[in-house]
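Chemist: Would you be able to build a 3D model of this:
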Amino acid sequence: MIVNPSIQAMLRDNANNGVYIVSGSGAPTNGTTGLNVTGKGSLYIDYANGNLYINTGTSASPAWTEITIP
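Modeler: You can find the predicted model right below:
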């Protein structure tokens, strides 16, 4: 948890917990995109289609779920 609010503290807190924001062209692939890097709660931005995904799996077995807004 961030004690002293700043962008550096937020990034450090995310990195310490394996939570990253990554991007690519097209949808992420379960089990391979972000393998051993992106932990649960990491976000993936598909900049080709404008879709957002969250890793609901683990770093060792990423499972990407598209976030949809009604």
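
Chemist: Check which element follows the helix or strand hosting Leu11 along the chain.
Modeler: Applying DSSP states H and E as the criterion places Leu11 in helix 7-16. Note on helix 7-16: by DSSP H and E, the next helix or strand toward the C-terminus is strand 21-24.

Chemist: That following strand packs against which elements?
Modeler: If contacts are counted by 3 or more Cβ pairs under 8 Å, 6 or more residues apart in numbering; DSSP states H and E, strand 21-24 sits against strand 43-46. (Each C-beta comes from the backbone N, C-alpha and C, glycine too.)

Chemist: Can you give me the pLDDT of Val3?
Modeler: pLDDT for Val3: 64.

Chemist: Give me the neighbour count for the nearest residue to Leu43 once chain neighbours are set aside.
Modeler: In space, and not counting its chain neighbours, Leu43 is closest to Ile21: 4.7 Å by Cβ to Cβ, 6 or more residues apart in numbering. The number of residues packed near Ile21 is 12, by other Cβ atoms under 10 Å.

Chemist: contacting residues around Ile21?
Modeler: Ser42, Leu43, Tyr44, Ile45 (Cβ atoms under 8 Å, 6 or more residues apart in numbering).

Chemist: how about a cut-off of 10 Å?
Modeler: Leu11, Asn14, Thr38, Ser42, Leu43, Tyr44, Ile45, Leu52 (Cβ atoms under 10 Å, 6 or more residues apart in numbering).
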